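Student: Based on what follows, work out the 3D shape:
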Amino acid sequence: MNNKFRILKYIITGAIFLLSSYPSFGAGKIELKETEDGQVIVEGVIRDANTKNPINAAQISIPDKKISGVTDENGQFKLTLQTGDEVLHITAFDYNKMEFPVQGKTGLVIDMYPIGFPEYFKNVIAPSGDVTDNSALTSAQKSTEKIGQVTDITADGILRKFVGGDVRTITRSGMTAIGNSMFIRGFNSLNVNAQPLFVVDGVVCNNAYDFKSAQKGYFNNPLEFMDVNDIESITVLKDGASIYGAKAANGVILINTKRAKSMVTKIALNVFFGMTETPELTPMMDGDDYRIYASDMLNSMGSLAAAAFDKSFLGSPSDVKNSPYYNNTNWADEVYQTGFTQNYLVNVDGGDESAMYYFSLGYTGNDGVVKTTDFQRLNARFNVDANLASILKMAMNINFSKVDRTLLDDGVDNYTSPTWQSIIKAPFLSPYEYTASGEKTKRYAFLDAFGIANPTGVIESALNKLTKYRFSVGVTPVLTLMPGLTLRSQFDYSMDKYNERYFRPMDYAPVKYIDNKGYSYNQPASQAMRHEVIYDDTRLSYENIFGKSHSLKAMYGIRYIYRNLEADYVTSHNTGSNTQRKVDSGKDYRSVFGINNTSKSISNYFNVDYDYNKKYFLSATMSLDASSRYGSDVDAGISMFGA
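Tutor: Numbering: from 1, shown residues only. Take a look at the predicted model:
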């Protein structure tokens with residue numbers, strides 16, 4: 001593969017917003033008085049929006065000006081501001097955060113709403129850093145805060161609960177932690193992936209779409225490695241291509257894990273248990289009703305067509321040879337069970353003036369609603385923020401996760417999907433064999449006369465295991481070159497390993513015909529994958545406030561990603577027995593397939609945000625992407641530096 005870079009995409013966007021006025025909240029009087037040095041004295045009152053009672057100890061601040069105050073028992077406050085056009089940030093216990101513009105008005109009594117109401121004003125974690133003023137956002141972003149205690153196994157559930165209006169989620173399956181298909185700007189392509197890009201703690205996450213499981217109906221979920229109680233916030237960035245390049249054309253989901261905020265050492269234990277009821281399925285006929293239905297169907301097919309079917313199920317129930325056809329089996333009871341979930345997470349955070357740390361260790365176990373399926377996860381995380389010098393800080397992230405799954409084929413599959421077979425199998429049949437004298441045994445029945453598998457036998461004989469490992473370590477030094485000017489370089493190394501075993505049993509399922517080969521009675525398979533990623537994002541950031549009304553943020557960065565994917569897949573057929581489940585036991589049609597791909601990509605991005613007097617906003621972004629996947633003989637694109 002030729003690894004010369006080609007510039008593939010050039011994106012520049014700009015937006016200018018004019019905010020002429022803010023809505024008026026409440027009614028009342030507030031006096032704006034100027035001091036001798038041109039500053040403005042603001043006096044006001046904060047009250048409950050419902051009862052109109054004053055709110056005591058509400059905090060009023062302007063974060064970027066380091067101005068703050070507190071209300072008294074009458075809800076009154078007094079602040080000295082640089083101008084009369086500031087935006088006040090108000091917080092109070094049991095109330096939602098608010099932003100309130102002064103702008104020289106005289107009707108600025110502030111009404112606050114309790115936390116039970118939807119929260120709009122909150123910090124937004126953007127790629128360029130925290131945005132404390134919602135009114136200053138010029139792009140489509142939405143962030144979650146105060147996630148609190150949740151019982152979801154993966155972050156997909158949090159997205160569905162907190163940002164469901166911004167991210168459309170479709171459940172892929174009832175399988176535990178299987179994840180959702182997510183669409184931020186709708187389903188915009190029929191041929192290529194339309195899923196958003198995940199960025200965890202500033203690192204572009206591998207969606208693992210290169211991994212194709214041997215298990216039918218299984219989808220890889222990149223979020224299953226993370227315990228939701230380790231998540232601090234989630235931000236949905238609808239317009240992310242200008243920062244993260246072409247790979248973010250479907251939007252970006254930024255996930256930030258918890259970090260220590262106080263020097264006080266705190267130990268927390270999160271424990272929850274849960275049960276998942278069996279799914280509510282379509283009501284099915286019982287054995288007697290289905291026998292009548294099947295008889296009518298055979299009679300309507302004509303004698304020639306009906307002659308092709310075994311009509312033993314229409315024989316006399318007194319004849320012992322017809323005993324296998326006079327049962328009343330609810331096949332859903334043979335396939336489904338009540339699921340059970342347990343989750344334990346202990347975390348410790350604290351530190352001192354030199355370093356702050358957050359450490360967590362967790363375990364999640366789940367018995368699925370389909371018998372024999374399960375999910376187990378062990379995860380550990382260590383985040384550190386250290387002050388190495390007055391101008392040098394460094395953050396470190398270390399994460400390890402292991403996921404073990406027991407799976408079964410899922411979806412519409414006549415061969416080995418028990419959930420599908422439980423719907424289409426005749427209810428007058430039994431999961432177990434009968435003797436010649438009409439006695440039921442403990443041996444599982446083979447494939448029935450109608451060519452439908454025995455889901456009970458498939459569940460007990462299949463051997464489908466998937467084990468995943470993920471390890472990542474990252475360091476981010478931040479150097480302050482001068483007030484307002486910083487240089488940071490985020491380096492991260494991650495490795496994913498997958499090991500999978502698959503076995504399709506014989507006797508209990510139909511024989512499968514393989515084109516150009518022959519008949520397959522059973523099939524073992526095995527595959528292993530190793531995926532390494534080296535990531536570096538170096539950016540220069542500048543932030544300053546000029547005078548009293550001009551604010552500027554600028555950022556330029558270079559992002560480099562190196563990926564190496566190695567995968568091996570081997571399968572064979574016809575081992576001759578359900579106890580012979582290894583690939584080397586197969587006698588027929590052995591095949592081996594492998595992947596060894598290396599790719600490199602590099603992105604240059606630039607962003608500038610300017611606002612004047614909190615009224616006029618200008619945002620401009622630009623990105624240029626290059627990838628080795630396209631080689632050097634590409635007609636389109638822009639060539640730079642001779643490459």
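Student: which regions of the stretch 251-400 of the chain lie under the pLDDT threshold?
Tutor: Applying pLDDT under 70 to the stretch 251-400 of the chain flags residues 302-312.
Student: where do the helices sit along it?
Tutor: Taking DSSP state H, counting those that start in this stretch as the criterion, the stretch 251-400 of the chain carries its helices at 287-300, 303-306, 331-335.
Student: Out of those helices, which is the most enclosed?
Tutor: Highest mean neighbour count of the helices of the stretch 251-400 of the chain: helix 331-335, a mean of 19 (counted as mean count of other C-beta atoms under 10 Å). Where C-beta positions appear, they are placed from N, C-alpha and C, glycine not excepted.
Student: can you list the helices of the stretch 251-400 of the chain in a markdown table and add distance to Leu618?
Tutor: As requested, the helices of the stretch 251-400 of the chain are exported to a markdown table (distance: least, C-beta to C-beta, whole Å):
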| stretch | distance to Leu618 |
| --- | --- |
| helix 287-300 | 70 |
| helix 303-306 | 75 |
| helix 331-335 | 60 |
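Student: Run through the residues that contact the closest residue to Pro505 other than its chain neighbours.
Tutor: Closest residue to Pro505 apart from its sequence neighbours, by C-beta to C-beta, 6 or more residues apart in numbering: Ser461 at 3.6 Å. For Ser461, the contact set (C-beta atoms under 8 Å, 6 or more residues apart in numbering) comprises 444, 503, 505, 508, 578.
Student: Just flag the most distant two among the residues you listed.
Tutor: Tyr444 and Phe503 (15.6 Å; C-beta to C-beta).
Student: Count the residues that sit near Lys402.
Tutor: For Lys402, the tally of surrounding residues (other C-beta atoms under 10 Å) stands at 16.
Student: Likewise for Phe593?
Tutor: Phe593 has 10 neighbours, counted by other C-beta under 10 Å.
Student: before we move on, the earlier item: show me just the buried residues among the contacts of Ser461.
Tutor: 444, 503, 505, 508, 578 (16 or more other C-beta atoms under 10 Å).
Student: Just to check, the third one is in contact with Thr456?
Tutor: No - look at Pro505 against Thr456 with C-beta atoms under 8 Å: they stay out of range, at 11.4 Å.
Student: now the stretch 501-643 of the chain, which segments are flagged as low pLDDT?
Tutor: By pLDDT under 70, the low-scoring segments of the stretch 501-643 of the chain are 548, 631-643.
Student: same thing but 80
Tutor: Along the stretch 501-643 of the chain, segments meeting pLDDT under 80 span 547-549, 613-615, 629-643.
Student: Restricting the selection to alpha carbons, write stretch 540-555 to CSV.
Tutor: Output in CSV follows, covering the C-alpha atoms of stretch 540-555 (Å, rounded to 0.1, in the frame of the first residue of the first chain):
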residue,chain,number,x,y,z
LEU,A,540,-2.1,25.7,19.6
SER,A,541,-4.9,27.7,21.3
TYR,A,542,-5.3,31.4,22.0
GLU,A,543,-7.9,33.0,24.1
ASN,A,544,-8.2,36.7,25.2
ILE,A,545,-10.6,39.4,26.1
PHE,A,546,-9.9,42.8,24.6
GLY,A,547,-11.2,45.9,26.3
LYS,A,548,-14.6,45.3,27.7
SER,A,549,-16.5,44.0,24.7
HIS,A,550,-14.2,41.9,22.4
SER,A,551,-13.6,38.2,23.0
LEU,A,552,-11.5,36.0,20.8
LYS,A,553,-10.8,32.2,20.8
ALA,A,554,-8.5,30.7,18.1
MET,A,555,-7.2,27.2,17.6
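Student: Buried residues of that stretch, list them for me.
Tutor: Of the residues in stretch 540-555, 541, 543, 551-555 count as buried by neighbour count, 16+ other C-beta under 10 Å.
Student: is it possible to export those to CSV including distance to Val592 and secondary structure?
Tutor: Output for those, formatted as CSV (distance: C-beta to C-beta, whole Å; DSSP: H, G, I helix; E, B strand; the rest coil):
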residue, distance to Val592, secondary structure
Ser541, 50, strand
Glu543, 55, strand
Ser551, 61, strand
Leu552, 59, strand
Lys553, 54, strand
Ala554, 53, strand
Met555, 48, strand
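Student: which of those lies closest to Arg488?
Tutor: Nearest member of these to Arg488, counting by C-beta to C-beta, is Ser541, at 7.2 Å.
Student: so how far is Leu481 from that closest one?
Tutor: Separation of Ser541 from Leu481 (C-beta to C-beta, to the nearest Å): 10 Å.
Student: One more: Ser422?
Tutor: According to C-beta to C-beta, Ser422 stands 66 Å off from Leu481.
Student: Mind checking which of the two has more residues around it?
Tutor: Taking other C-beta under 10 Å, Ser422 and Leu481 do not tie; Ser422 has more neighbours (21 against 11).
Student: follow-up on the earlier one: out of the buried ones among the contacts of Ser461, flag the one nearest to Ser401.
Tutor: Ser401 lies nearest to Phe503 out of the buried ones among the contacts of Ser461, by C-beta to C-beta, at 26.1 Å.
Student: Next up, identify which helix or strand the closest one is on.
Tutor: For Phe503, the host element (DSSP states H and E) is strand 485-504.
Student: partner strands of the next helix or strand after that strand, parallel or antiparallel?
Tutor: Next in sequence after strand 485-504, counting helices and strands by DSSP H and E, comes strand 512-514. Sheet pairing for strand 512-514, assigned by DSSP bridges, gives strand 518-520 (antiparallel).
Student: Can you point out the buried residues in the strand it pairs with?
Tutor: Buried residues in strand 518-520, counted by 16+ other C-beta under 10 Å: Ser520.
Student: Which residues does it contact?
Tutor: Contacts of strand 518-520 with the rest of the structure, by C-beta under 8 Å, 6+ apart, involve 504, 511-514, 573-574, 588-589.
Student: if we go to 10 Å?
Tutor: 415, 504, 506, 511-514, 571-574, 586, 588-589 (C-beta atoms under 10 Å, 6 or more residues apart in numbering).
Student: which of these count as buried?
Tutor: Neighbour counting by 16+ other C-beta under 10 Å classes 415, 504, 506, 571-574, 586, 589 among the contacts of strand 518-520 as buried.
Student: roughly how far apart are the closest residue to Gly251 other than its chain neighbours and Gly240?
Tutor: Of all residues not flanking Gly251 in the chain, Ile184 sits nearest, at 3.2 Å (C-beta to C-beta, 6+ apart). With the distance defined as C-beta to C-beta, Ile184 ends up 9 Å from Gly240.
Student: Can you pull the residues that touch both of those two?
Tutor: Common neighbours of Ile184 and Gly240 (criterion: C-beta under 10 Å, 6+ apart): 140, 196-197, 250-253.
Student: Which two among the residues you listed are spaced furthest apart?
Tutor: Using C-beta to C-beta, the shared contacts of Ile184 and Gly240 reach their maximum pairwise distance at Ala140 and Leu197, which is 15.0 Å.
Student: Of those two, which one has the most company?
Tutor: Each of Ala140 and Leu197 has its neighbours counted (other C-beta under 10 Å); Leu197 has more, 22 against 14.
Student: ok, the more buried one - contacts?
Tutor: Leu197 neighbours (C-beta under 10 Å, 6+ apart): 184, 204-205, 207, 237, 240-241, 244-254.
Student: Please pick the buried ones from the residues you listed.
Tutor: 184, 204-205, 207, 237, 240-241, 244-245, 247-254.
Student: Tell me which of those fall in strands.
Tutor: Of these, the ones assigned to strands by DSSP state E are 204, 237, 252-254.
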